[in-house]
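Undergrad: Just a sequence and a predicted model for now, questions to come.
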Amino acid sequence: MIKGTAWTKKYEEREYADFYRAGSLKLLDRVNERIEAIPPPWIMIPPPLQTYEERGARMLSKSLWKTKCFQCIWANMANVEIQWDFDKDIKKYRFETFCYGSKSCKYYKMGRPRVVPYKNRDSALDDGYLDELCTEGRDDDE
């Protein structure tokens, strides 16, 4: 357990980190439990952004992103822009998790389908059909 000070986020809908500029940290207590470390599938220097773009993204379960996939170079969280109102060019933002890794990865799970809201229109449900379009040029081991 630690104690310290930090700034909270200013823009809730756009920022992922809960705190900034943490400081004055003091160790209050050590936990004696052993934490089981499960190595992620790929730990290495991340490739250029162009590689991610070429591979294409698949939706990744947020709970997997937070646990098993967090350190993997292919697991990402992005601030996604949604065109909310097409008439006035109004946009909304939300964080979503994606996997650019191998289609045969044993950890991968899509998670719940994501609802994409639109003003004065029916919401669209993305249940993974876009994943196949984005990654159709890759083999299972790529």
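TA: In hand now; what should we look at?
Undergrad: what helix or strand does Thr97 sit in?
TA: strand 90-99 (DSSP states H and E).
Undergrad: and if you look at Leu130?
TA: Leu130 belongs to helix 129-134, assigned by DSSP H and E.
Undergrad: Need the contact partners of that helix.
TA: Gly56, Ala57, Arg58, Met59, Met110 (CB atoms under 8 Å, 6 or more residues apart in numbering). Where you see a C-beta, it was placed from the backbone N, CA and C, and this is true even at glycine.
Undergrad: cutoff 6 Å now
TA: The contact list for helix 129-134, computed with CB atoms under 6 Å, 6 or more residues apart in numbering, reads Gly56, Ala57, Arg58.
Undergrad: Give me the subset of those lying in strands.
TA: Arg58 (DSSP state E).
Undergrad: which of the contacts of helix 129-134 lies closest to Phe98?
TA: Of all the contacts of helix 129-134, Phe98 sits closest to Ala57, with 4.0 Å by CB to CB.
Undergrad: hang on, the closest one packs against Gly101?
TA: No: with contact defined as CB atoms under 6 Å, Ala57 does not reach Gly101; the gap is 10.0 Å.
Undergrad: before we move on, back to that, now the contacts of helix 129-134 as JSON lines including pLDDT, distance to Ile73 and neighbour count?
TA: Shown next, in JSON lines, are the contacts of helix 129-134 (pLDDT from 0 to 100; distance: CB to CB, whole Å; neighbours: other CB atoms under 10 Å):
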{"residue": "Gly56", "pLDDT": "87", "distance to Ile73": "15", "neighbour count": "17"}
{"residue": "Ala57", "pLDDT": "88", "distance to Ile73": "13", "neighbour count": "20"}
{"residue": "Arg58", "pLDDT": "90", "distance to Ile73": "15", "neighbour count": "21"}
